[in-house]
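*Asks:* Sharing a model prediction with you, sequence too.
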Amino acid sequence: MTPENDYLSHIYDLAKQRDPHKPEFHQALLELLIALTPVIEKTPSLCKRGILERLIEPERLIQFRVAWRDRDGETRVNRGYRVQFNSALGPYKGGLRFHPTVNSSIIKFLGFEQTFKNSLTGLPIGGAKGGSDFDPRGKTDNEVMSFCQSFMSELFRHIGASTDVPAGDIGVGNREIGYLYGEYCRLMNISEGAMTGKGIFAGGSMLRTEATGYGLCYFAESMLAGLRNGSLKGKTIIISGSGNVALYAIKKAQAFGARVIAASDSGGYIIDESGIDWALLRQIKERERGRISEYASRKPGASYHEGCSGIWSVPCDVAMPCATQNEISLESAQQLINNGAVAILEGSNMSCTFDAVQLIMEEPVLYVPAKAANAGGVAVSGLEMAQNAGHASWSYEKVDDMLQSIMNSIFHRCIDAAVEYGHPENLLIGANIAGFVKVSKAMAWQGVV
Ligand code: NDP
Ligand code: 2IT
């Protein structure tokens, strides 16, 4: 599929010619370009001065060797990346992902998406992403530290509190941020907010750990109230994954009175009709770094099923994919629709395949793309940057109030753009347009750079 508009189609072809082997980046770009069709028709000036030609090209793409020594003293080599995609709105900002599937296409799609997500938050932050094909799973703490120090021994020269501020993503949590930030401070002889997601005792913000999952539920509440006169209360929910985003989405959904009955990891999924025991799941996945199958052996009445995609066959009202990209296929989307799901909110970046999104948009299901739904994480990262810059430390309540207000504003920005461009209630179009318009205006204002 290509955009119907000739100019948008030309942009898509250009990107594919330049980067023929980056399918995830093509997918993210196609979603944006199709959503921009009404912009080209109604406000073509927003795409003048080569805005789109410039937007699809990262400002800087860094790839580097990461050599480190494992527990046996053997030398290991991984590949490190940082894509500094767009700084029109502020310093580059985005997470680091450590996972064996990381490659330049994944990093590029994530950095591209981040640019529009960060725009939607309303905060002055540009878009970036980075990571490595290093797999923290099964590694000792010392091995992870050795890898993180080597990774930072190159990355440090490219980042800084006003330049580029990395954070976590898949495989990069509190432990990894600590090792990375410690090495950054040592190399630079400076303690500044060059990373977010730091420990509370080292300039980190209250609520950053919870922010993405909580933000997802705050968005859901705003959306269900605004468009369906409803709420999460009493809803049956499926949340895939059991990492940082999933765990805190489960916790907040339960606090809102929802029944979360399924969760997963890369091996399989659990069903617990009585509602997930959050403390037990956290103990297994966050504290013990174990497998989700152990949940079923410790919790009477719960069952474990091999393979991740089966989770979408479990009937639910609301689906919140929170594991990884393209985890909802066309078939899984069809199962969710057949089972009567009323809303799908992307906690993971680009959770749904392109054809799955097309199918969902034909149905009266509320669909929220990741750039809007999961923006709570980077939003609190932005608040962490503000606290660091002002040498301040805000209370949990203050940050939580701000997060709720930001997620509610994102919902309204998306809906307002959807209405303005003739697609009321279409949050896919609204999120992409609202995110794009701000970046495009900032780029036009700064001239051709
Ligand atoms: P974590 O590493 O904490 O957790 C990832 C979870 O997803 C784990 O349960 C993992 O299972 C599962 N998973 C990872 N890769 C795959 C795969 N290829 N197939 C199936 N399951 C997989 O990561 P986060 O919770 O931080 O990130 C989850 C998603 O949310 C990602 O898409 C990320 O980009 C996005 N996100 C994260 C934010 C953050 O601040 N952390 C902010 C916004 C979005 P296993 O334990 O078996 O590896
Ligand atoms: O995808 C994302 O928004 C993140 N991984 C969080 C980025 C950040 O800088 O907090």
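*Replies:* Sure thing, it's come through. Residues are numbered from 1 along each chain as shown. Ligands and ions are numbered 1, 2, ... in the order given.
*Asks:* Buried ones in stretch 180-193, by neighbour count?
*Replies:* For stretch 180-193, the buried set under the neighbour-count rule, 16 or more other CB atoms under 10 Å, comprises 180, 181, 183, 184, 185, 193. C-beta coordinates here come from the backbone N, C-alpha and C atoms, glycine included.
*Asks:* Ligand 1 contacts on the chain?
*Replies:* Within the chain, the residues that sit near ligand 1 (CB under 6 Å from any ligand atom) are 95, 99, 101, 168-171, 173, 212, 241-246, 265-267, 308, 322-324, 347-349, 374, 377.
*Asks:* ok now do residue 114, which residues does it touch?
*Replies:* 85, 93, 94, 95, 127, 128, 129, 378 (CB atoms under 8 Å, 6 or more residues apart in numbering).
*Asks:* any idea which of those residues has the most stuff around it?
*Replies:* Ranked by neighbour count (other CB atoms under 10 Å), these have residue 128 at the top, with 33 neighbours.
*Asks:* thought it was touching residue 90?
*Replies:* No. Here residue 128 does not reach residue 90: they are 10.8 Å apart, not a contact under CB atoms under 8 Å.
*Asks:* for the nearest residue to residue 235 once chain neighbours are set aside, what are its contacts?
*Replies:* Closest residue in space to residue 235, ignoring its immediate chain neighbours: residue 317 at 4.2 Å, by CB to CB, 6 or more residues apart in numbering. Shown in contact with residue 317 (CB under 8 Å, 6+ apart): 235, 236, 237, 340, 341, 342, 343.
*Asks:* can you name the two of these that are farthest apart?
*Replies:* Spatially, the most separated pair among those is 237 and 340, at 13.2 Å (CB to CB).
*Asks:* Compare neighbour counts for these two and give me the winner.
*Replies:* residue 237 (27 against 11).
*Asks:* Can you name the residues bridging to that one?
*Replies:* In this entry, residue 237 is beta-bridged to residue 260, residue 318, by DSSP bridges.
*Asks:* Report pLDDT for it.
*Replies:* Confidence at residue 237, expressed as pLDDT, is 98.
*Asks:* Residue 216 versus that one, what's the distance?
*Replies:* 11 Å (CB to CB, to the nearest Å).
*Asks:* hey, what's in contact with both of the two?
*Replies:* Contact criterion CB under 8 Å, 6+ apart; residues shared by residue 237 and residue 216: residue 320.
*Asks:* In ChimeraX, select just the buried ones from the residues of the chain next to ligand 1.
*Replies:* Of the residues of the chain next to ligand 1, the buried ones go into a single ChimeraX selection, burial set by 16+ other CB under 10 Å:
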select :95,99,168,169,170,171,173,212,241,242,243,244,245,246,265,308,322,323,324,347,348,349,374,377
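*Asks:* and the residue of the stretch 201-350 of the chain nearest ligand 2?
*Replies:* Ligand 2 sits closest to residue 349 of the stretch 201-350 of the chain, with a gap of 5.4 Å, by CB to the nearest ligand atom.
*Asks:* What part of this protein, helix or strand, is modelled with the least confidence?
*Replies:* Here the helix or strand of the chain ranked lowest by mean pLDDT, DSSP states H and E is helix 37-42, holding a mean of 94.
*Asks:* List the buried residues in that helix.
*Replies:* The neighbour-count check on helix 37-42 (16+ other CB under 10 Å) flags 37, 38, 39, 40 as buried.
*Asks:* and what of stretch 152-161?
*Replies:* For stretch 152-161, a neighbour-count test (16+ other CB under 10 Å) marks 152, 153, 155, 156, 158, 159, 160 as buried.
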